[in-house]
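**Q** sharing a sequence plus its predicted fold:
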Amino acid sequence: MKRIVSGLLIATALMGSAVQPAAARDHHHHDNTGRAIAGGLAAGVVGGLIGGTIVNSGPRYVDGPRYYDAGPPPPRCWYEDRDVRNRYDGGYHTETVRVCD
């Protein structure tokens, strides 16, 4: 949904700039040398560098090891049918028993 909305906004902006009236297109208050664009780009680059420096400055505190020690893996367990000696008559019967490594 985000992609659709952002695509529609971009398409609307592009169509709006392409279909503006001729009188508004020809009426400029600057000499069209691109100084405003260059100034904006330079300000953005300098601002980004300053912001990155501020974010990355300062001490970093690390408590404990820098890796996660998960410890040994849990034992593998499964269920098996085994013959178990009967307590009353000395015979055998089958029970489901949990078996672990």
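**A** Looks like it arrived, so ask away.

**Q** the nearest residue to residue 85 once chain neighbours are set aside: neighbour count?
**A** Once flanking residues are discounted, residue 85 sits nearest to residue 92: 5.9 Å by CB to CB, 6 or more residues apart in numbering. (Each C-beta comes from the backbone N, C-alpha and C, glycine too.) As a burial measure, residue 92 scores 11 neighbours (other CB atoms under 10 Å).

**Q** the nearest residue to residue 76 once chain neighbours are set aside: what's it in contact with?
**A** Leaving aside its sequence neighbours, residue 76 sits nearest to residue 101 (CB to CB, 6+ apart; 4.9 Å). Neighbour list for residue 101: 75, 76, 77 [criterion: CB atoms under 8 Å, 6 or more residues apart in numbering].

**Q** angles on the backbone of the last one, please.
**A** As for residue 77, its main-chain torsions (degrees, to the nearest 10) stand at phi -130, psi 150.

**Q** spit out the contact partners of it.
**A** When contacts are counted by CB under 8 Å, 6+ apart, residue 77 touches 98, 99, 100, 101.

**Q** any idea which helix or strand carries the second one?
**A** According to DSSP states H and E, residue 99 maps onto strand 92-100.
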